[in-house]
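*Asks:* please work out how this folds:
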Amino acid sequence: MDERKKQIGELEKRKKDQSVLLDAQLARIGETFFSRIPDTKREEPSAFPELAVYRRLKADLLKTENQIIAAEENIIKFNELEENIETGKKDEKNYIKELSAVYSNLGKRLFEVSDNNNYSAFCSPYQNQVDTLRAKIMSLEDRTAALEHRNGGNIFSWIGKSAQSMVLRTFLTKAHDNIEQLYRKTGERYSRRDTVHVNKKNKKNALQPEDEDVQKLCAEIDRKREVLRGLSQDMTNFKEEKRSIYSGYSTEGGPQKFIQAKNNHIGNIQNEFKVLFRQIGAEACGIIPDSGTFHVKRKKIFDSFILPEDEIEFDNAAKINQYINEDEKTIEKLKISLTIDDEKARIEKFLRLIQEKKEDIAQAKLKIHEYEKNISDAEERIKNLTEEWKL
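*Replies:* Numbers count the residues shown, from 1 in each chain. Model prediction:
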């Protein structure tokens, strides 16, 4: 490998590193420069349009950051709402289960006091079903108990006993489930019937239970229903609030997608800041001198916000820029040197090819001369033979 190519590679790397260092220093100088400009400073679009750009970017950045904060708060709120809804669903499920148990207890108690005139009329449509199921349960329990106390017999008797016991227990479980369902259905209907009557304007015909247990169970049902209505309303409100949070964002994905888009926008703003800061930093250091129409006025603005201690930063930036320029010139010279050598090599190649072709031409001329002589000899022989034989 040519040593010059190796040197170019090393210089390119050093130039790249120095450029990164210079860009960072110039951006820092530009940012410091803008930070010294008071907010009350009047914008001068003709001489210093960059101030308006800086203030626009600054306002855009602040607005975007506030939007992200608001979106993050919405995410927290959204998660809280989801947790509240899940908790509400669990509570609702538990209360429905508890309410179902109270319905069963109420129905059972109503049949226990069904001889009371306050309840007999209500219980009468279901009394036959309850009596039938109670009798069936007592019969199955007696048969199961009798079967369990039966002793003796061989293995086959034992197998038959076990199978019969399992069938009886299945029927018994089913009967208990049926009567429990009837209690629950009766208790729920009674509680709703009572509520309807009490809420009528004419309360003369309202059912007024006298049994203390029935009164307590009805009161407990009312409390649990009230709680369930509150839970249902809360979950409706939570769901509506969730919907309103998402409807506030036009992009799919809600606040998460919105935050991602805003973070990308902040990245773009920061890139614009870097370009602006670097440009102003370079001009402040004299690396990019301004020679426009408003040069004098612009220079006056710059001088008013540059402090003596800035000279150290300016000198460092100027030195790094000088190193970069020197490396660029050296790289360019080395590349030109390599190009010249390449062109010289091409010239040598073409000269060699020309010489080879000239030699080929000389050889071809000798061959042509030889072929022409052979043709002349052949023609002479033909002539002599023709004359000799008079052809």
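*Asks:* how close does residue 270 get to residue 356?
*Replies:* Noted for residue 270: a distance of 63 Å to residue 356, by Cβ to Cβ, to the nearest Å. Bear in mind the C-beta positions are built from the backbone N, C-alpha and C, glycine included.
*Asks:* residue 133: neighbour count?
*Replies:* Residue crowding around residue 133 was assessed by other Cβ atoms under 10 Å; the count is 19.
*Asks:* nope, residue 129 is what I meant
*Replies:* Neighbour tally, residue 129, other Cβ under 10 Å: 13.
*Asks:* so it touches residue 182, yeah?
*Replies:* Yes: applying Cβ atoms under 8 Å, one finds residue 129 in contact with residue 182, separated by 5.9 Å.
*Asks:* what sits closest to residue 91 if chain neighbours are left out?
*Replies:* Using Cβ to Cβ, 6 or more residues apart in numbering and skipping residues adjacent in sequence, the residue nearest residue 91 is residue 231, 5.7 Å away.
*Asks:* same for the helix or strand harbouring the one you found, what does it pack against?
*Replies:* Applying DSSP states H and E as the criterion places residue 231 in helix 212-247. Contacts defined by 3 or more Cβ pairs under 8 Å, 6 or more residues apart in numbering; DSSP states H and E place helix 212-247 against helix 50-112, helix 155-198, helix 254-285.
*Asks:* and the shortest one, which residues are buried?
*Replies:* Buried positions in helix 254-285, judged by neighbour count with 16 or more other Cβ atoms under 10 Å: 254-255, 258-259, 261-262, 265-266, 269, 272-274, 276-278, 280-285.
*Asks:* tabulate the helices and strands packed on helix 212-247 (JSON lines), appending mean pLDDT and distance to residue 21.
*Replies:* Listed next are the helices and strands packed on helix 212-247 as JSON lines, based on pLDDT from 0 to 100; distance: least, Cβ to Cβ, whole Å:
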{"stretch": "helix 50-112", "mean pLDDT": "92", "distance to residue 21": "23"}
{"stretch": "helix 155-198", "mean pLDDT": "74", "distance to residue 21": "81"}
{"stretch": "helix 254-285", "mean pLDDT": "92", "distance to residue 21": "12"}
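*Asks:* so of the ones you listed, which one's packed in deepest?
*Replies:* Counting by mean count of other Cβ atoms under 10 Å, helix 254-285 has the highest mean neighbour count of the helices and strands packed on helix 212-247, with a mean of 17.
*Asks:* tell me the mean pLDDT for the helix or strand following that helix?
*Replies:* Next along the chain after helix 254-285, taking DSSP H and E as the criterion, comes helix 295-304. Averaging pLDDT along helix 295-304 yields 82.
*Asks:* does anything pack onto helix 295-304? Which helices or strands?
*Replies:* Using 3+ Cβ pairs under 8 Å, 6+ apart, helix 295-304 is in contact with no helix or strand.
*Asks:* surely residue 224 is in contact with residue 102?
*Replies:* Yes: judged on Cβ under 8 Å, residue 224 makes contact with residue 102 at a distance of 6.7 Å.
*Asks:* sorry, back to before: and the residue nearest to residue 91, how many neighbours?
*Replies:* Applying other Cβ under 10 Å, I find that residue 231 has 20 neighbouring residues.
*Asks:* in contact with it, which residues?
*Replies:* Counting by Cβ atoms under 8 Å, 6 or more residues apart in numbering, residue 231 touches 88, 91-92, 95.
*Asks:* re the thing from before, in a markdown table: the helices and strands packed on helix 212-247, plus distance to residue 378.
*Replies:* Below are the helices and strands packed on helix 212-247 laid out as a markdown table (distance: least, Cβ to Cβ, whole Å):
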| stretch | distance to residue 378 |
| --- | --- |
| helix 50-112 | 94 |
| helix 155-198 | 128 |
| helix 254-285 | 87 |
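*Asks:* looking at the ones you listed, which is nearest to residue 385?
*Replies:* Taking Cβ to Cβ, helix 254-285 is the member of those nearest to residue 385, at 97.3 Å.
*Asks:* and the closest one, what does it pack onto?
*Replies:* Packed next to helix 254-285, using 3+ Cβ pairs under 8 Å, 6+ apart, are helix 3-35, helix 50-112, helix 212-247, helix 310-389.
*Asks:* need the contact list for the closest residue to residue 78 other than its chain neighbours.
*Replies:* Counting by Cβ to Cβ, 6+ apart, residue 245 is the residue found nearest to residue 78 once chain neighbours are left out, at 5.3 Å. Going by Cβ under 8 Å, 6+ apart, residue 245 touches 74, 77-78, 81, 254-255.
*Asks:* for residue 176, state which of the contacts of residue 231 is nearest.
*Replies:* residue 95 (23.9 Å).
*Asks:* my read: that closest one touches residue 226, true?
*Replies:* No: applying Cβ under 8 Å as the test, residue 95 and residue 226 come out as separate, 10.2 Å apart.
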